[in-house]
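J.: I would like to see how this sequence folds:
(chains A and B)
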Amino acid sequence: MLHRARRLIFGSLLAAGVAAAAASATVDAQGVLVSDPTKVVMIVNRDSNDIGFMDITTKKMIKNVFLGNNVNPHMVMMSPDGRYVVTGGTRANKAYIIDTKTLQLVKVIPTDIAPEHLAFSPDSRWYYQGNPDGDSISVIDMQSLSKIKTIPGFVEPLNVTFLPDGSKAYVGNYGAHWVGVIDVRRHELLKKIQVGSVPAVAKLDPAKYLGEIKGINIAAPSADGRYLYAADSDLAIVGVIDTREDKVIKTIRVGKDPWRIYMSHDGKYGVTANNGDETISIIDTKSNSVAATLEAGPNMTGINFAGGKAYVISSTSGFVYVYDMSSLKPAGRIRIGTNIQLETATTDTQDRKIYLAESTNHEVVIIDSKDNSIERVKNVGLFPWGTHIMDSKDNYCH
Amino acid sequence: MSSQRYRLALVAAVAFMMLGSAAAARAQQAPQAPMPNMPGMDMRGGIRGTVRGANKAPVADTTVIAVNAVNGARFEAMTDAQGNYSFGALPVGGYNVTVVSDGLTAFRRQGVQVTADQNVTLDITLDAASAQQAADAERQELLQQVAELKQRVTDLESTTVLSEPETRVRRVEVFVDENGQEHDEQVPGSKPAITYRRERVYRRQTISEKIEEALAGAEEHNVKIGVDAAITTQFAHKTKGDDPALVNHHAYALASADLFFTAGIAQNTVFFADIVALSGSPPDAEIPSLTLLNGYTARLVRQNELNLREVWLRTELFGQRLALTTGRLDLTNYFDANALSNDESTQFLSDALVNNQMLGLSSNGTGVAAEFDPKNGFRFKFGLQQSNTDATNLTESLFTLSEVGYTFTPFSLPEGSYRLWFRTDNTTDLIAKAVGISVDQKLTNAVGLFARYGTQGFEADGRDHYWSAGVGFQHGYIFNPDDTWGIGYAETKFFGSDREKLVEGYYNLLLTERLRLTFNVTHALEEPAGGAKFGYLLPGIRLQASF
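T.: Numbers count the residues shown, from 1 in each chain, chains lettered A, B, ... in the order given. Got it, this is the predicted structure:
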């Protein structure tokens, strides 16, 4: 009897111990495809409707996460905590959430019409998705992975910029001449900051001013986040906004039809890509004046900074124009190819290499700013439209 | 003693098991607070187990789905041949685990708790009871999905889209082996070759996007026509000179219409033609000034007739760094391109403030121009053309221009362009060579200075001199954003002591993108060799349409 009890007790304890040991086994790395989110380049592939993930070290594709048919992803971004990768599906009217570690599409969230550009709050809690055709911003809570609100009242909202403290977000309205200010605590549109007034002769030119409006793409932050620089395409100006008072403190005239402004990594300059006269205007942020206007190329879609230089992407010419940011002089140009379409690019966190999407040949072209050499990574997906690297200072989209 | 020891051990074991089960019960009864996704805390755990059928046989190649109960994040895993599955790195939290078999949910377990760095074992048996339980839960989900689909249809109705795939032809590099077989990747013995291939793309476009693309594509193949029409009215008031032959208080009007034709005819190659017609009389018809008081008539010798100003082909080589232009040219369009004083249609009207008078080109002619732009601030140009329309060969009428230009930002100023040019011309027996400089330098984004100097030498006599300087404004000190204005002074002195001092101011008002109105006033003081000085004040208005 006692022997049986002894066996029973020890047997029970042994079974409990084995079970406990099994339950406390350390999780292995099975299923983890991205262990370090800073070491991947994300690629938006519009025609294959996926997000490609490329290992930044080996330059090999890790995985292409398919989003669905006819999604047309537009811009990709990783949350600041590196946990999620999100994109807006322009033709699907949805936001797509990818788990970074496992590269699984974990959530699809309906948005408003034609989601394109997006931003995260600095604490990774809020994902603001701009819906240009819906004239709204979808607010997605990254804890519950659900849309908690749609903020109306915008006019073709493109890019969203959060203040460093996350208290306010600024929205560029391409269909108007004002920047929207959102109270992030309440997710409400607080103010509309007019960047510039339409000139008096505008009524003589209805073809220009009433035909199509090209307003503000983005309010780009200064290095300390105190000021925002908002280029207005139609008005050919850059408005400098003081975020403490939410008002324009200076208006700077730049070249014709500035697509948007891009801020240099050291914060010294903002550069507008002026597609109207194929120039760039380099704005000194200390004096808030144009330090130089230099020739560039046609159809510019982006500007990246690396190795003390600015790289201006001329979409249809197949060239990337290079400028020395210390002397503010042209520093040559890089021929990527002929009869190709260049899209947008991101810069690595070392400010050395630029990852440029080239959609005609479905490749990413890596430009090394050290010697301006290029390397091609082919077959990244169909129609790569943009790239993104976590913590890069050049994360933007068309 | 031993029985007591065993009794104590038995009590302790029972107490341990009771405590354990009580803790487990509490854990099951108390609602688990979902662990939020705290920023910066990406903690992971796992679920693993085996999927078996009702007959206890392992079920292979079946999808197991784990959905986070809080945020709905969905993860998938496949079973292997032994029915084993594993979610190796799930964010911590509660999960609803389901198994779908043959399109139906065959198993569903809610609230499987995943904790940091732990693996939870969940063995699954697919039997009738589990299927029934799963079906009930799935019914609720289906109702929710129907509601979402309704919303989706509403969204789709709000924008019409074309969803059929489109085709696109791409230029691709392939590798052809000795047998003529084509490979996408290089194989031993293959050579690279360029070919064209059709591919199918599935971009979904709205009808308006599709139409815009079609129109843009059609426009690329069209011949583009541009028009630049202007009418210039000037009034001459004599300010100095007693010669009764000099006119006074005469009004002048000159109409000019340029027609441009541009067509892309090959890779990086453009055809351009410019036909211009002038009508009316400029002040130069009556006032014997040293330079043209209306720059529109420069190098156009026939009034009231059609003039073929330029016809050329331009091609770009070596990565578009070298541009070659050949045909009937006006070389002054390519050289001495001062940003602030080089356009009679939008800036100064007087030719002395449009062109360096020492460039010396009397008429347009057949020639070639080469521009090398390494895109580092430097520019190198060379051009030659025939400048005498009566010459019977190029050898006896050879006009050449060479130029080195440099653009940079000196002394913390905005950009400035500096040019040095050299000219030869054997059209006449006397004039041989000329040299000149041209500068435009921005002081601020709104204010810029310009200056020119040129001198030409004669084999037998002295030298001619020309210089000009002035200031231009844009982006500041203006009424409307795209207005420009400027003031300039030019002095021309020929070796025979003919001299002209000319000052002009203009304000160019941008009425629309295509329409400009310019007010200008010029004063020219002429000092002819051997004659009396005379001067004229010429206020004028220029209306220019360009589209």
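J.: I'd like to know the beta-bridge partner residues of residue B:169.
T.: Beta-bridge partners for residue B:169, by DSSP bridges, are residue B:198.
J.: same deal with residue A:126?
T.: residue A:141.
J.: mind listing the helices in the chain by residue range?
T.: This is for chain A. Along chain A, the segments classed as helices by DSSP state H run A:2-23, A:206-209.
J.: hm, I was asking about chain B
T.: Going by DSSP H, chain B shows helices at B:2-29, B:128-157, B:207-220.
J.: Would you mark the buried spots in the second one?
T.: Spelled out, it's helix B:128-157. Residues B:130, B:131, B:133, B:134, B:138, B:155 are the ones in helix B:128-157 that count as buried (16 or more other CB atoms under 10 Å in any protein chain shown). C-beta here means a position set from N, CA and C on the backbone, and glycine is covered the same way.
J.: pLDDT added to those, as JSON lines?
T.: Below are the buried residues of helix B:128-157 laid out as JSON lines (pLDDT from 0 to 100):
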{"residue": "B:130", "pLDDT": "82"}
{"residue": "B:131", "pLDDT": "83"}
{"residue": "B:133", "pLDDT": "80"}
{"residue": "B:134", "pLDDT": "80"}
{"residue": "B:138", "pLDDT": "77"}
{"residue": "B:155", "pLDDT": "66"}
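J.: pLDDT weak spots in chain B?
T.: Applying pLDDT under 70 to chain B flags the ranges B:1-40, B:154-166, B:200-206, B:301-303, B:429-431, B:459-461.
J.: Run a quick neighbour tally on the closest residue to residue B:46 other than its chain neighbours.
T.: Among residues not flanking residue B:46 along the chain, residue B:119 sits closest, at 4.2 Å (CB to CB, 6 or more residues apart in numbering or on different chains). Residues lying near residue B:119 (other CB atoms under 10 Å in any protein chain shown) number 24.
J.: Test my guess that residue B:119 contacts residue B:85.
T.: No - taking contacts as CB atoms under 8 Å, residue B:119 lies outside contact range of residue B:85: 12.0 Å.
J.: Just give me the neighbour total for residue B:84.
T.: Using other CB under 10 Å: residue B:84 sits among 16 other residues.
J.: Check the contact between it and residue B:48; I expect there is one.
T.: Yes - with contact defined as CB under 8 Å, residue B:84 counts as touching residue B:48 (7.3 Å).
J.: Give me the common contacts of residue B:119 and residue B:85.
T.: residue B:48 (CB atoms under 8 Å, 6 or more residues apart in numbering or on different chains).
J.: Can you pull the poorly scored residue ranges out of the stretch 1-150 of chain A?
T.: Applying pLDDT under 70 to the stretch 1-150 of chain A flags the ranges A:1-30.
J.: any idea where the strands of it begin and end?
T.: Remark: strands assigned in the stretch 1-150 of chain A by DSSP state E, counting those that start in this stretch are A:40-45, A:50-55, A:61-66, A:73-78, A:84-89, A:94-99, A:104-110, A:118-120, A:126-131, A:136-141, A:146-151.
J.: partner strands of the fifth one, parallel or antiparallel?
T.: I take that to be strand A:84-89. Each strand paired with strand A:84-89, and its direction, by DSSP bridges: strand A:73-78 (antiparallel), strand A:94-99 (antiparallel).
J.: which residues sit against it?
T.: By CB under 8 Å, 6+ apart, the residues outside strand A:84-89 that reach it are A:42, A:44, A:49, A:51, A:67-68, A:71-79, A:94-100, A:111, A:115-118, A:120, A:127, A:129-131, A:140, A:142.
J.: Kindly recompute the last result at 7 Å.
T.: Strand A:84-89 is contacted from outside by A:42, A:44, A:51, A:67, A:71-78, A:95-100, A:111, A:115-116, A:118, A:127, A:129, A:142, using CB atoms under 7 Å, 6 or more residues apart in numbering or on different chains.
J.: next one: the shortest one
T.: Residues from elsewhere that reach strand A:118-120 (CB under 7 Å, 6+ apart): A:75, A:77, A:79-80, A:86, A:88, A:126-130, A:160-162.
J.: hmm, 6 Å instead?
T.: A:75, A:77, A:79, A:80, A:88, A:127, A:128, A:129, A:160, A:162 (CB atoms under 6 Å, 6 or more residues apart in numbering or on different chains).
J.: Can you tell me who the closest residue to residue B:339 other than its chain neighbours pairs with across the strands?
T.: Distance criterion CB to CB, 6+ apart; nearest residue to residue B:339, sequence neighbours excluded, is residue B:440 at 4.3 Å. Taking DSSP bridges as the rule, residue B:440 bridges to residue B:417, residue B:450.
J.: Which residues are in contact with residue B:440?
T.: B:338, B:339, B:340, B:417, B:448, B:450.
J.: Swap in 10 Å and give it another go.
T.: Shown in contact with residue B:440 (CB atoms under 10 Å, 6 or more residues apart in numbering or on different chains): B:337-342, B:407, B:415-419, B:448-452, B:470, B:472.
J.: Please, a PyMOL command that selects the buried ones among the residues you listed?
T.: Those of the contacts of residue B:440 that count as buried under 16+ other CB under 10 Å are selected in PyMOL with:
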select buried, chain B and resi 337+338+339+340+341+342+407+415+416+417+419+448+450+451+452+470+472
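J.: okay, now residue B:531: neighbour count?
T.: The number of residues packed near residue B:531 is 12, by other CB under 10 Å.
J.: just checking, it touches residue B:288?
T.: Yes - contact criterion CB atoms under 10 Å: residue B:531 and residue B:288 qualify, at 9.1 Å.
J.: related to what we said a few turns ago, show me the common contact partners of residue B:84 and residue B:48, please.
T.: Contact with both residue B:84 and residue B:48 is made by residues B:77, B:123, according to CB under 10 Å, 6+ apart.
J.: Residue A:300 contacts residue A:259, correct?
T.: Yes - using CB under 10 Å, residue A:300 is in contact with residue A:259, at 6.2 Å.
J.: And the two? Which one has more around it.
T.: Between residue A:300 and residue A:259, counted using other CB under 10 Å, residue A:300 has the larger neighbour count: 25 against 21.
J.: What's the separation between the more buried one and chain B?
T.: From residue A:300 across to chain B, the span is 15 Å (CB to the nearest CB, to the nearest Å).
J.: Can you pull the residues that touch both of residue A:300 and residue A:259?
T.: Shared contacts of residue A:300 and residue A:259 (CB under 10 Å, 6+ apart): A:272, A:273, A:274, A:275.
J.: Around the third one, how many other residues sit close by?
T.: The burial count assigned to residue A:274 is 22, neighbours taken as other CB under 10 Å.
J.: Break down the stretch 151-300 of chain A into its strands, ranges please.
T.: Secondary structure of the stretch 151-300 of chain A (DSSP E, counting those that start in this stretch): strands at A:157-162, A:168-173, A:178-183, A:188-194, A:216-221, A:227-232, A:237-242, A:247-253, A:258-263, A:269-274, A:279-284, A:289-295, A:300-306.
J.: Do any residues in the fifth one lie close to chain B?
T.: Just to be clear, that refers to strand A:216-221. No - judged by CB under 10 Å from any CB of the partner chain, strand A:216-221 makes no contact with chain B; its nearest approach is 16.1 Å.
J.: for that strand, packing partners?
T.: strand A:157-162, strand A:168-173, strand A:178-183, strand A:227-232, strand A:237-242, strand A:258-263, strand A:269-274 (3 or more CB pairs under 10 Å, 6 or more residues apart in numbering or on different chains; DSSP states H and E).
J.: partners of the last one, with directions?
T.: Just to be clear, that refers to strand A:269-274. Strand pairing for strand A:269-274, using DSSP bridges, gives strand A:258-263 (antiparallel), strand A:279-284 (antiparallel).
J.: could the strands of the stretch 151-300 of chain A go into CSV alongside mean pLDDT?
T.: As requested, those are arranged in CSV below (pLDDT from 0 to 100):
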stretch, mean pLDDT
strand A:157-162, 98
strand A:168-173, 97
strand A:178-183, 97
strand A:188-194, 95
strand A:216-221, 97
strand A:227-232, 98
strand A:237-242, 97
strand A:247-253, 95
strand A:258-263, 97
strand A:269-274, 98
strand A:279-284, 97
strand A:289-295, 95
strand A:300-306, 98
